[in-house]
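[1] Provide a 3D model corresponding to the input given below.
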Amino acid sequence: MEDLPVYHGPIGMEEGERRLAQDGRDGGYLVRDSDSVAGVYCLCVLYNGFVYTYRLHKDAAGSWAAETTPGVQKRYFRQIRNLIAAFQKPGQGIAIPLLHAVTKLKENSLMMTTVCLK
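    Purely as a prediction, here's the structure:
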């Protein structure tokens, strides 16, 4: 998980929501550690000003799955990257497709501003 650019680690729900709101684009997404369940991750997606959170977990065989809308068949993926790629398409049981990766690099990069004095 550590090598996944959208994985932000144990940042908590509020910080995850802040980072998505700062990005501000519908379909912006990140992955963070779950606050409430050890060993589980959360896929967080911004849509119409709200953050939708979907739990990601590995089964005993090592396959990844996401908890989505009831009635949508659960799908399993060998790698988390494959799960993310699948959820970039519409109709996967989440509020909006994953459109804009909010990466740690982007979040933690320094923004430089040049001030011109006259």
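[2] Show me what stretch 9-17 is in contact with.
    By CB atoms under 8 Å, 6 or more residues apart in numbering, the residues outside stretch 9-17 that reach it are 8, 19, 30, 32, 33, 35, 42, 44, 51, 53, 104. Where C-beta positions appear, they are placed from N, C-alpha and C, glycine not excepted.
[3] Generate the ChimeraX command that creates a selection of the buried members of those.
    ChimeraX command restricting the contacts of stretch 9-17 to the buried ones, with burial defined by 16 or more other CB atoms under 10 Å:
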select :8,19,30,32,33,42,44,51,104
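[4] Show me which of the contacts of stretch 9-17 is closest to residue 2.
    Distance to residue 2, by CB to CB, is smallest for residue 104 among these, at 10.0 Å.
[5] contacting residues around that closest one?
    Taking CB under 8 Å, 6+ apart, we find residue 104 in contact with 5, 6, 7, 8, 9.
[6] Could you tell me how many residues sit around the last one?
    Put plainly, it is residue 9. Other residues lying near residue 9 total 13 when counted by other CB atoms under 10 Å.
[7] ok, so of the contacts of stretch 9-17, who is nearest residue 85?
    Minimum distance to residue 85 across the contacts of stretch 9-17 is 15.7 Å, recorded for residue 30 (CB to CB).
[8] Out of the contacts of stretch 9-17, which comes closest to residue 69?
    Using CB to CB, residue 53 is the member of the contacts of stretch 9-17 that lies nearest residue 69, at 12.9 Å.
[9] tell me which residues form a beta bridge with that closest one?
    In this entry, residue 53 is beta-bridged to residue 44, by DSSP bridges.
[10] That one is in contact with residue 42, isn't it?
    Yes - using CB atoms under 8 Å as the test, residue 53 is close enough to residue 42 to be in contact (5.0 Å).
[11] Dump the contacts of residue 104 to TSV, plus pLDDT, secondary structure and distance to residue 82.
    Output for the contacts of residue 104, formatted as TSV (pLDDT from 0 to 100; DSSP: H, G, I helix; E, B strand; the rest coil; distance: CB to CB, whole Å):
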residue	pLDDT	secondary structure	distance to residue 82
5	95	coil	15
6	97	coil	14
7	97	strand	15
8	97	coil	20
9	96	coil	21
